[in-house]
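Asker: Here's a sequence, model it:
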Amino acid sequence: MTITFNLAAFAEAARALAAIPSASMRIDILDCALAEAGGGKLALTMSNMDVEATVTIPAEGEGRAAIPRAVMNFFTRRDGMAGGDTGSLEFDGRRVVARHGKGKLAIGMLPADDFPRFVRSEPAWSFPIRAHEFCAALAGCERAIADQETRPYLCGVFLHRLDDGLGFVATDGHRLHKLATDLPEIAGKLATESGMPGVIVPDLAVARIQKLFAGDESEIRVAGTDSHLVVEADRIRFASKLIDGVYPDYQRAIPEPGEARIRLDAKALDAALDGLMVIPRTDGKGKAVSQRPVRIGPGDGDEILLEMAGDNGDCTDRVPAKVEGSFQPFIVAANFLRDLIASCGGGEMDLAPVHSAVRIFAKPEASDWVVMQRTKL
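Answerer: Just a heads-up that it's a prediction; the model follows:
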């Protein structure tokens, strides 16, 4: 059995699938791609048993086998080399031969039936959305995803329906990122059996979806059940298990904003925070401290004062700001602010300190961020 295809198309598919298996996984079949050819198409699938992705390209011939990663790498390395635009795969039942130009790779292969596949079932819900909008919303929440094994239900993005939009939320207990898009036409019920209606997309899936679909402005279909999520475009299909758990009622953690509003340029704040971090700060073992608290207080006139402490001194800076109302100095994690600035893409932002938290309002207007205040600098 011989399958022929465009080399560049195969290499692009192989590069897209390369990040799907876990690098720490030591299962031979998961270091392979399932190749299924027929009807003028070749579908390549890779999996780590938690997520799987399939990319389909035009091809001639028929065949089905689990081909080692070395075959994928053979074609990606030869992309752009002399030898023509066509590549081929030959199967003889025990090994696969990959060819391009004068290059040839012959290697043993595994039975296609050994490759683990998700069971395909009728989705309970689905909706259309532009790929880049879906990826942007996930990216805006990604930095606030928890990494605590004791609270696995926080280790992902909560996808749910709002009264006026589609909501994306992530929180690690110290900060909360919430974004929303226009409400798409949802078929079925996007809900779980208990708790807030929605599904929890795990952090691994959030990262892989962005790698596969970022920059794509075409319409995709997002669908699933209370246990699986599927994201489909014309040539790409991605599937993931969902986190089995009940997401907390995050709305109770969003305080009403106080009277004070601090409006400033996000990029100016980011640059100032970057400058403050030059002062050395280490922990008791001499390791650099990653979470650097910053005190934000009133300045002289139209500005705010930033202060950061180090091992043997402190560092200050002032940022132009329009302050409405009065506020007492507050302390927050500087890296949380910088993550937030990266999520919203810069522009103007409002800080609204209240009680033990700070509400942040920035573009897009449907976004909402909460950062908990710290007690010590």
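Asker: Quick one: mean pLDDT over stretch 39-46.
Answerer: Looking at stretch 39-46 alone, the average pLDDT works out to 97.
Asker: same thing with stretch 241-257?
Answerer: On average, the pLDDT along stretch 241-257 is 88.
Asker: what ranges of this protein fall below the confidence cut-off?
Answerer: Counting by pLDDT under 70, the chain shows low-confidence ranges at 23-25, 191-196, 364-366.
Asker: any chance you could map the helices in it?
Answerer: For the chain, the helices identified by DSSP state H occupy 7-17, 69-78, 131-142, 203-213, 266-276, 334-344, in order along the chain.
Asker: which residues are contacting the shortest one?
Answerer: Defining contact as C-beta atoms under 8 Å, 6 or more residues apart in numbering, one finds that helix 69-78 is touched by 7, 10-11, 14-15, 17-18, 21, 31-33, 44, 87, 89, 96, 98, 100-101, 103, 105, 107. Glycine gets a C-beta too; all of them are placed from N, C-alpha and C.
Asker: Write the ChimeraX selection for whichever of these are buried.
Answerer: Selection of buried members from these for ChimeraX, criterion 16 or more other C-beta atoms under 10 Å:
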select :7,10,11,14,15,17,21,31,32,33,44,87,89,96,98,100,105
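Asker: Okay, and which of the contacts of helix 69-78 map to strands?
Answerer: Among those, the members found in strands (DSSP state E) are 32, 33, 44, 87, 89, 96, 98, 100, 103, 105, 107.
Asker: returning to what we had before: out of the helices of the chain, the one nearest residue 119 is which?
Answerer: Between residue 119 and those, the shortest gap by C-beta to C-beta is with helix 203-213, which sits at 17.3 Å.
Asker: Identify the residues contacting that closest one?
Answerer: Outside helix 203-213, the residues that touch it by C-beta under 8 Å, 6+ apart are 16, 19-20, 50-51, 53, 131-132, 134-135, 138-139, 141-142, 145, 147, 155-157, 201, 220, 229, 231, 233, 236, 238, 240.
Asker: what do you get for stretch 215-224?
Answerer: Here stretch 215-224 makes contact (C-beta under 8 Å, 6+ apart) with 123-132, 134-135, 199, 213, 229-234, 242.
Asker: Now do the buried residues in that stretch.
Answerer: 216, 220, 222, 223, 224.
Asker: Redo these as JSON lines? Include distance to residue 163.
Answerer: Listed next are the buried residues of stretch 215-224 as JSON lines, based on distance: C-beta to C-beta, whole Å:
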{"residue": "216", "distance to residue 163": "29"}
{"residue": "220", "distance to residue 163": "24"}
{"residue": "222", "distance to residue 163": "20"}
{"residue": "223", "distance to residue 163": "22"}
{"residue": "224", "distance to residue 163": "22"}
